[in-house]
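[1] How does the following fold in three dimensions:
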Amino acid sequence: MKNIQLAELTAHIKSSLLGVAVGDALGVPVEFTTRDQLKLLPVKEMKGNGTHYQVKGTWSDDSSLTFCLAEGLCNPAFDLSQVADNFVRWRRENYWTARGSVFDIGNTTKRALQNIQNGEDLDHCGLDDVHSNGNGALMRILPLVFYTLNMPIEDRFIWTKRVASLTHGHGISVLCCFYYLEFSRQLIEGKTKVDVYNDLQRDIPSFFRDKSAINIDLTVLNRLLKDDISSIDENNVYSGGYVVHTLEASIWCLLTTDNLADSVLKAVNLGWDTDTTGAVTGGLAGLLYGEASIPAPWLADLAQLDRIIDLAERMAQGILNA
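    Just a heads-up that it's a prediction; the model follows:
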């Protein structure tokens, strides 16, 4: 990875955080809506009310926990306990909420935050059974890519596992987070999305070849690592809360569109876990297309826009000073 200057780093962080937030906010009003319903009345712009009765431009726990992680990265001496504390503050004190209250939280995350409050070892707070592979770590982990940019791949994986395992400790969740961050890292390098996709089909299996514990889980990503997921029909793209499905859907949306607006709208209109599919897709699309690609009306409606921009600027300083 080349050395990155403050202005460029700030731009990447800003576009990724805003991409997560706009994708999230577009999806909040229609969360749990079926795909068939959205075909009749698709999301085309920011709107309010809906599932959670929120004001237009309100983002959910996806963005809140992303920003809690980003806050932890503003300090050059990155401390995982600070991130954990931020997560608990969000749950208990409405820290980094869009409108001053928590209105959505996954069951696995809720139980993991209770483990944190109980003082358990941070490396073991996240649930690690196979049934705890929701998308709650994937949806918030994107800021970590900037902390690990210049680390060797072994260290990038270690940090991915540590941060993911605050809430989701099973190997499948960790693996999906790692793929997502490696995809993001190569977008920051300036590669095309197709080149990144093809490179990861070689790089991910190569890295895990001698890691038997993770290799067992690697088959869950066969559609990403062995196939051309962009050729899959929409009927075979799933958009529920399972972490593998969220990752697949987000990569599919990115590869089958050519701009940020279309990619996140496609993600949201897949239905069901609309805010998270929108957020994960939005983070990638923000890195790929940049802040300027985000429609101005979406930014105008976005809750706490100035505060998010300030966070991006502070985080860039923290990363460069680490």
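[2] what sits against Gly282?
    Shown in contact with Gly282 (Cβ atoms under 8 Å, 6 or more residues apart in numbering): 19-24, 260, 263-264, 267. Yep, even glycine has a C-beta here, placed from its N, CA and C like the rest.
[3] just the helices in the stretch 101-250 of the chain please.
    Assigned by DSSP state H, counting those that start in this stretch, the stretch 101-250 of the chain shows helices spanning 107-117, 144-147, 153-164, 171-188, 193-208, 212-215, 222-225, 243-255.
[4] Around Glu313, how many other residues sit close by?
    16 (other Cβ atoms under 10 Å).
[5] which ones are touching it?
    By Cβ under 8 Å, 6+ apart, the contact set of Glu313 is 10, 14.
[6] let's number from 13 now, not from 1
    Will do, 13 is the new start, and the previous item becomes Glu325.
[7] Okay, and it sits in which element?
    For Glu325, the host element (DSSP states H and E) is helix 317-333.
[8] Show me what counts as buried in that helix.
    For helix 317-333, the buried set under the neighbour-count rule, 16 or more other Cβ atoms under 10 Å, comprises 317, 320-321, 323-328, 330-331.
[9] Farthest-apart pair in those, please.
    Spatial extent of the buried residues of helix 317-333 (Cβ to Cβ) is set by the pair Leu317 and Ile331 at 21.4 Å.
[10] what's the nearest residue to His64 if we skip its chain neighbours?
    Nearest non-adjacent residue to His64, counting by Cβ to Cβ, 6 or more residues apart in numbering: Phe115, 5.2 Å away.
[11] Now do the SS call for Ser76.
    Here Ser76 is helix, with the state taken from DSSP: H, G, I helix; E, B strand; the rest coil.
[12] Nearest spatial neighbour of it, chain-adjacent residues omitted?
    Closest residue to Ser76 apart from its sequence neighbours, by Cβ to Cβ, 6+ apart: Trp108 at 4.9 Å.
[13] Wasn't the one you found part of a helix?
    No. Assessed with three-state DSSP, Trp108 is coil; it does not lie in a helix.
[14] Who are the contact partners of it?
    So Trp108 contacts 76, 79-80, 83, 98, 101-102 (Cβ under 8 Å, 6+ apart).
[15] Pop out the phi and psi values for it.
    Main-chain dihedrals, Trp108, degrees, to the nearest 10: phi 50, psi 50.
[16] Tell me how far it lies from Leu18.
    Using Cβ to Cβ, to the nearest Å, Trp108 is found at 24 Å from Leu18.
[17] again with Glu105
    Glu105 is 31 Å from Leu18, by Cβ to Cβ.
[18] Give me the distance between Tyr192 and Leu266.
    11 Å.
[19] okay, and the common contacts of these two?
    Common neighbours of Tyr192 and Leu266, using Cβ under 8 Å, 6+ apart, are Leu296.
[20] Just the CA coordinates for the longest helix that the chain contains, please, in CSV.
    Secondary structure of the chain per DSSP state H: the longest helix is helix 18-39. Presented in CSV, the C-alpha positions along helix 18-39 are these (Å, rounded to 0.1, in the frame of the first residue of the first chain):
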residue,chain,number,x,y,z
LEU,A,18,-4.0,13.5,4.9
ALA,A,19,-6.3,15.0,2.2
GLU,A,20,-6.6,11.7,0.4
LEU,A,21,-7.1,9.7,3.5
THR,A,22,-9.8,12.1,4.8
ALA,A,23,-11.6,11.9,1.4
HIS,A,24,-11.7,8.1,1.6
ILE,A,25,-12.9,8.0,5.2
LYS,A,26,-15.5,10.6,4.6
SER,A,27,-16.9,8.9,1.5
SER,A,28,-17.0,5.5,3.2
LEU,A,29,-18.8,6.8,6.4
LEU,A,30,-21.3,8.8,4.3
GLY,A,31,-21.8,5.9,2.0
VAL,A,32,-22.7,3.7,5.0
ALA,A,33,-25.0,6.3,6.4
VAL,A,34,-26.9,7.1,3.3
GLY,A,35,-27.4,3.4,2.4
ASP,A,36,-28.6,2.8,6.0
ALA,A,37,-31.0,5.7,6.0
LEU,A,38,-32.5,4.8,2.6
GLY,A,39,-33.2,1.3,4.0
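[21] by contact count, what packs against that helix?
    On a contact count with 3 or more Cβ pairs under 8 Å, 6 or more residues apart in numbering; DSSP states H and E, helix 18-39 meets helix 73-84, helix 156-159, helix 272-280, helix 286-301, helix 308-313, helix 317-333.
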